[in-house]
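In: The following block contains a protein sequence and its predicted model.
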Amino acid sequence: MSGTLPLGTGIGEVWPAPLAHRPLDATVSVPGSKSLTNRFLVLAALAAEPVTVRGGLRSRDSDLMIGALRGLGVEVDDAGAEWRVTPGPLRGGVHVDCGLAGTVMRFVPPMVLLADGPVSFDGDEGARVRPMGPLLDALRLLGATVEDEGRGTLPFTVTPPLEVPDVVEVDSSSSSQFVTGLLLTAPRLPEGLTVRHTGETLPSLPHIDMTCETLRAAGIRVDQPDERTWVVHPGEIRPGDVRVEPDLSNAGPFMAAALVAGGTVRVPGWPAVTTQPGAYFPELLTRMGATCTLDGDVMTVTGTGEIRGIDADLSPAGEITPTIAALCALGDGPSQLTGIGHLRGHETDRLAAIAAEVERLGGRCVAGDEALTFGGRPPTGLAGAVMETYHDHRMATFAAVIGLAVPGVDVLNVGTTSKTMPDFPTMWRDMLDADPTAS
Ligand SMILES: O=C(O)C1=C[C@@H](OP(=O)(O)O)[C@@H](O)[C@H](O)C1
Ligand SMILES: C=C(OP(=O)(O)O)C(=O)O
């Protein structure tokens, strides 16, 4: 099946994606990780003592999380660079706006198991088709009453139970965030919680590892007796003061730019050890023709303008698919990206969106049930066009990467990048304009 999404469903201004006229030589500092910021915020809200969060991401998704936690009665002082979260009893009788944030719609509903009354949830129109059913069923197994009129999506209301069992099953094949959401609240349940994944596949495993690691760092014991079971022991959550790593998935488009334009892009603050899926970039970009070196905490990516096609299973790192896909569209040969069927439930149906946009530029991309297949850059090159972004931040950065090499790429609603990187257009321009010889 190939993508057939229409042009014109986006809103807002048209952003002319800048062409790269010379090889790059830029250092790009990316803001904090969305996934870590929103995990730390939830853990801080459930903690036994106030928590300081340094380097937290300022973006729509983190603002939505902060809004949700404040609604539940948690004090969040985010006026300065360091945020202070003061936990308190969770109150019900409130409404949570999830926007389009998977982390809010999947991490906050399990917290209602601890609240003193019902909490209603809703979000953007596009959020109302994102998978929620398996998590809502898990909450029902845990004794909560969930009213969703049988849709298995937003909007819904969760009413807490009087007692919560200590084991639950969930089919997390459509999003790892179902397991993560249950694990984050688990230490505060009277007996802790054993979470068992029942589905055949499980995407984004590094994101589940990230959850376990943040819980362990907060003093919680988490065992994993087998690859589909997590046992979270009850305990007081004490994250202490936490620092958020730079968002390696958001570093990706800048790193990819070095392959497209040639030259060098440096990303400071690269962690020595991380559970972020962006850690896959150095290996993938190297296979596509770049040289990637980590010197201290600076990741340096150097490209020649040559881009090799690739065959890669991205199931552990689905979130980085749009960036790799932009390189595949510009590649010297065919590519195949597999293990990514669940991307149909991301901010948009990303398989259909990527195929539609590549074809709009005159390239060849076919979306299957679980994979994307690319023909590579056609002999006559790709042709500029107005590119749709489908309210998806990563479709905007996808278009920007392609626009470095294809004249006449205009991007609809580049403001959608505010979901995780509000300064993206300025950062992109700065990368292109950087002159390291200037004082
Ligand atoms: O837990 C997280 O922070 C995330 C998990 C992944 O979700 P899926 O497993 O639904 O892909 C990822 O794609 C998303 O961007 C962030
Ligand atoms: C899938 C993504 O986000 P969300 O957290 O909304 O699922 C993403 O950022 O690529």
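Out: On my side now, so go ahead. Ligands and ions are numbered 1, 2, ... in the order given.
In: Where do the strands of the stretch 301-439 of the chain begin and end?
Out: 311-313, 335-338, 365-367, 372-374, 386-387, 410-412 (DSSP state E, counting those that start in this stretch).
In: Show me what the longest one packs onto, helices and strands only.
Out: Meaning strand 335-338. Here strand 335-338 touches strand 311-313, helix 321-330, strand 372-374, going by 3 or more Cβ pairs under 8 Å, 6 or more residues apart in numbering; DSSP states H and E. In this view, the C-beta of every residue, glycine as well, is placed from N, C-alpha and C.
In: of all the ones you listed, which lies closest to ligand 2?
Out: helix 321-330 (7.7 Å; Cβ to the nearest ligand atom).
In: does that closest one come close to ligand 2?
Out: No. Helix 321-330 does not reach ligand 2 (Cβ under 6 Å from any ligand atom); its nearest approach is 7.7 Å.
In: distance between that helix and the chain's centre?
Out: 16 Å (Cα atoms, centre = their mean, to the nearest Å).
In: and what of stretch 357-376?
Out: 22 Å.
In: So which bits of it are buried?
Out: Using 16 or more other Cβ atoms under 10 Å as the burial criterion, the residues of stretch 357-376 that qualify are 357-361, 363-367, 370-376.
In: ok, which of these also contact ligand 1?
Out: With the criterion set as Cβ under 6 Å from any ligand atom, no member of these is near ligand 1.
In: Which residue comes closest to the most centrally placed residue in the chain once chain neighbours are left out?
Out: Closest residue to the average C-alpha location of the chain: residue 319 at 5.5 Å, with Cα atoms, centre = their mean. Nearest in space to residue 319, with sequence neighbours left out and distances taken as Cβ to Cβ, 6 or more residues apart in numbering, is residue 249 at 5.1 Å.
In: Check residue 398 too.
Out: Counting by Cβ to Cβ, 6+ apart, the residue nearest residue 398 is residue 322, at 4.2 Å.
In: And residue 220, by the same measure?
Out: Nearest to residue 220 is residue 187, by Cβ to Cβ, 6+ apart, at 4.6 Å.
In: Am I right that the one you found is in a helix?
Out: Yes. Residue 187 forms part of a helix when assessed by DSSP: H, G, I helix; E, B strand; the rest coil.
In: Now do the contacts for it.
Out: Counting by Cβ atoms under 8 Å, 6 or more residues apart in numbering, residue 187 touches 46, 215, 220, 232-237.
In: how about the residues of the stretch 101-250 of the chain near ligand 1?
Out: 102-103, 175-177, 180, 203-204, 207.
In: just to revisit the earlier point, list buried residues within the contacts of residue 187.
Out: Buried among the contacts of residue 187 (16+ other Cβ under 10 Å): 46, 215, 220, 232, 235, 237.
In: Identify the farthest-apart pair in those.
Out: The span of the buried ones among the contacts of residue 187, defined through Cβ to Cβ, is set by 46 and 232 at 11.9 Å.
In: Which pLDDT does the model give the residue nearest to residue 319?
Out: Here the pLDDT value assigned to residue 249 is 98.
In: that's a strand at it, yeah?
Out: No. Judged by three-state DSSP, residue 249 forms no part of a strand; its state is helix.
In: Residue 354 contacts residue 371, doesn't it?
Out: No. Counting by Cβ atoms under 8 Å, residue 354 stays clear of residue 371, with 11.2 Å between them.
In: Return the residues in contact with residue 416.
Out: When contacts are counted by Cβ under 8 Å, 6+ apart, residue 416 is found next to 10, 389, 391-393, 395-396.
In: residue in the stretch 101-250 of the chain nearest to ligand 2?
Out: residue 102 (2.4 Å).
In: The closest residue to residue 128 other than its chain neighbours - how many residues pack around it?
Out: Nearest non-adjacent residue to residue 128, counting by Cβ to Cβ, 6+ apart: residue 154, 5.0 Å away. Using other Cβ atoms under 10 Å, residue 154 has 22 neighbouring residues.
In: Indicate which one of the strands of the stretch 301-439 of the chain is closest to residue 113.
Out: With Cβ to Cβ as the criterion, residue 113 lies closest to strand 311-313 of the strands of the stretch 301-439 of the chain, at 35.0 Å.
In: who touches that closest one?
Out: In contact with strand 311-313 (Cβ under 8 Å, 6+ apart) are residues 284, 287, 324, 335-339.
In: Closest to ligand 2 out of those residues?
Out: Checking the contacts of strand 311-313 against ligand 2 by Cβ to the nearest ligand atom gives residue 324 as the nearest, at 12.6 Å.
In: Show the contacting residues for the residue nearest to the closest one when sequence neighbours are not counted.
Out: Of all residues not flanking residue 324 in the chain, residue 284 sits nearest, at 6.0 Å (Cβ to Cβ, 6+ apart). Neighbour list for residue 284: 310, 312, 320, 324 [criterion: Cβ under 8 Å, 6+ apart].
In: Quickly find the element holding residue 284.
Out: For residue 284, the host element (DSSP states H and E) is helix 281-287.
In: Just the C-alphas of that helix, formatted as CSV.
Out: Taking Å, rounded to 0.1, in the frame of the first residue of the first chain, the C-alpha atoms of helix 281-287 are listed here in CSV:
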residue,chain,number,x,y,z
PHE,A,281,22.2,7.4,14.9
PRO,A,282,26.0,7.0,14.9
GLU,A,283,25.8,3.4,13.7
LEU,A,284,23.1,4.1,11.1
LEU,A,285,24.7,7.2,9.7
THR,A,286,28.0,5.5,9.5
ARG,A,287,26.4,2.7,7.4
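In: hang on, the earlier thing: can you pick out the most distant pair from the residues of the stretch 101-250 of the chain next to ligand 1?
Out: Among those, 103 and 203 lie farthest apart (Cβ to Cβ), at 15.0 Å.
In: Okay, buried residues for stretch 184-199 please.
Out: Buried residues in stretch 184-199, counting neighbours by 16+ other Cβ under 10 Å, are found at 184-189, 192-197.
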